[in-house]
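>>> all I have is the shape, not the residue letters:
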């Protein structure tokens, strides 16, 4: 018998049972946990087990028994197939390489004992030598590896969940906060509120020097102040000036350690407006936004809707805010881009527009009379247009002071009953034209270009009509 990298090669001549040879028996029991020889009837003729093997206590009972009876479950079919192939090739004089089979036994208490067998043909006695390795240690190790892999995946999922919670907390908190490395002074992380106060995008802020964002602040000096500030019982906020904007901020800090690195949790407050958003104020404004009887809309600098409340959805008969986001506000205004242009330009110029009268179009092309107040929100990286829209369809209040238009209309009403409708229309064409021009001038806050566009006139034609009705004095020309 010889031992090679390919396994055990049997070269024993004669009729002596192979496992009865002391040398061979010692070798095979050293190389395997259990060694068996099967006769032509596939019964166990000799069974030898390594003394330290858990199988040593049960193999003695195997001798004389059909090997198939010692197997459990599907192992019987697998054994018969492998040993049949080996025997058939041997009897036909073909080369008989060893066959491998992973079989399962049952111990005295009924527990499964997996064993991996190498089957060898012994030509001299026409027997099958089976060398088995107990696989319980291997399976246990595989199970430990599997459990370790599952634990790693669970840890990864837990970390992802914590990262998601952390990111949501950073993004949705009302405070402006940043994490700064105490050793280098660089920004490890920051939320969008902090980036907005510092006048940069969040991506451009992370990884840069935090002290460099402020006027006359060197890295060592500001970091030392932030850490010294932590040791005080009643620390005063650190007053700093932001570079480029001349705005002032108040900094408060908290030192902590994570993964062996000291980090400073910095909270930034605008002293003019308090915190980026006071908790109570934000709660009140949030309730006002969702419960207000008037429609509230936030749009970007081009008039595209960013957010709107439930009242606006009711006015426009739209199903959800998802259907509105990204749509131009002009889609819902009767005079379309003319109305939107007037609102944006006047809000940008004066900061706000009050009681702009127009009509709101619904999703079913109906129109509702409304009054719009607009505010330009430019204290941020991306300016926004805030609109408060009030349903004016049932308003009956009249202006307290009579205007020239009121007297003109009273004159028209006095003609009713004394003239035919055709005569009244012919006589009042100028009155109607004057009313339209005055209304356009009022709606556009005396913006002649917007008024001309609203009326569908050229600027020259509008000026002619303004002089005709005395709306434009000679001094204004």
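Perfect, thanks for sending it. This one's a predicted model, so the numbers in the text were calculated from it and none came from an experiment.

>>> roughly how far is whichever strand or helix holds residue 358 from the heart of the chain?
Secondary structure from DSSP states H and E places residue 358 in strand 352-361. A distance of 37 Å separates the centroid of the chain from that of strand 352-361, by CA atoms, centre = their mean, to the nearest Å.

>>> mind listing what the next helix-or-strand element following that strand pairs with, with the direction of each?
The helix or strand immediately downstream of strand 352-361 is strand 367-377, counting by DSSP H and E. Its sheet considered, strand 367-377 pairs with strand 352-361 (antiparallel), strand 384-391 (antiparallel) by DSSP bridges.

>>> list the buried residues for strand 367-377?
368, 370-374, 376 (16 or more other CB atoms under 10 Å). Quick note: C-beta positions are derived from backbone N, CA and C, even for glycine.

>>> contacting residues around it?
Contact with strand 367-377 is made by 295, 315, 334, 343-344, 346-348, 351-362, 383-393, 395, as judged by CB atoms under 8 Å, 6 or more residues apart in numbering.

>>> so residue 85: helix, strand or coil?
Under DSSP: H, G, I helix; E, B strand; the rest coil, residue 85 falls in the helix class.

>>> what is the rounded mean pLDDT of the strand holding residue 358?
Mean per-residue pLDDT for strand 352-361: 87.

>>> residues contacting that strand, please?
Counting by CB under 8 Å, 6+ apart, 315-316, 331-335, 339, 342-343, 346-347, 367-376, 389, 392, 443, 445 sit against strand 352-361.

>>> and residue 314, how far is that from residue 295?
Relative to residue 295, residue 314 is positioned 8 Å away (CB to CB, to the nearest Å).

>>> more crowded one of the two?
Applying other CB atoms under 10 Å to residue 314 and residue 295 shows that residue 295 carries more neighbours, namely 23 against 12.

>>> hmm, that one is touching residue 312, no?
Yes - using CB atoms under 8 Å, residue 295 is in contact with residue 312, at 3.6 Å.

>>> anything in contact with each of these two?
In terms of CB under 8 Å, 6+ apart, residue 295 and residue 312 are both contacted by the residues residue 389.

>>> related to what we said a few turns ago, possible to save the buried residues of strand 367-377 as TSV with pLDDT and distance to residue 191?
Output for the buried residues of strand 367-377, formatted as TSV (pLDDT from 0 to 100; distance: CB to CB, whole Å):
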residue	pLDDT	distance to residue 191
368	89	39
370	91	36
371	91	37
372	92	33
373	92	31
374	92	29
376	90	25
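
>>> need those residues in a markdown table (columns: distance to residue 36).
Below are the buried residues of strand 367-377 laid out as a markdown table (distance: CB to CB, whole Å):
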| residue | distance to residue 36 |
| --- | --- |
| 368 | 94 |
| 370 | 95 |
| 371 | 98 |
| 372 | 95 |
| 373 | 95 |
| 374 | 93 |
| 376 | 92 |
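
>>> residue 200: which of those residues is nearest?
Closest approach to residue 200 among these (CB to CB): residue 376, at 21.8 Å.

>>> next, the nearest residue to residue 226 once chain neighbours are set aside: phi, psi?
Excluding its sequence neighbours, the residue lying closest to residue 226 (CB to CB, 6 or more residues apart in numbering) is residue 253, at 4.3 Å. For residue 253, the backbone dihedrals (degrees, to the nearest 10) come out as phi -140, psi 160.

>>> and residue 253, how many neighbours?
Around residue 253 there are 21 other residues, counting by other CB under 10 Å.

>>> would you confirm that it contacts residue 264?
Yes - if you go by CB under 8 Å, residue 253 and residue 264 touch, sitting 5.1 Å apart.

>>> and residue 146, which of the three is it?
helix.
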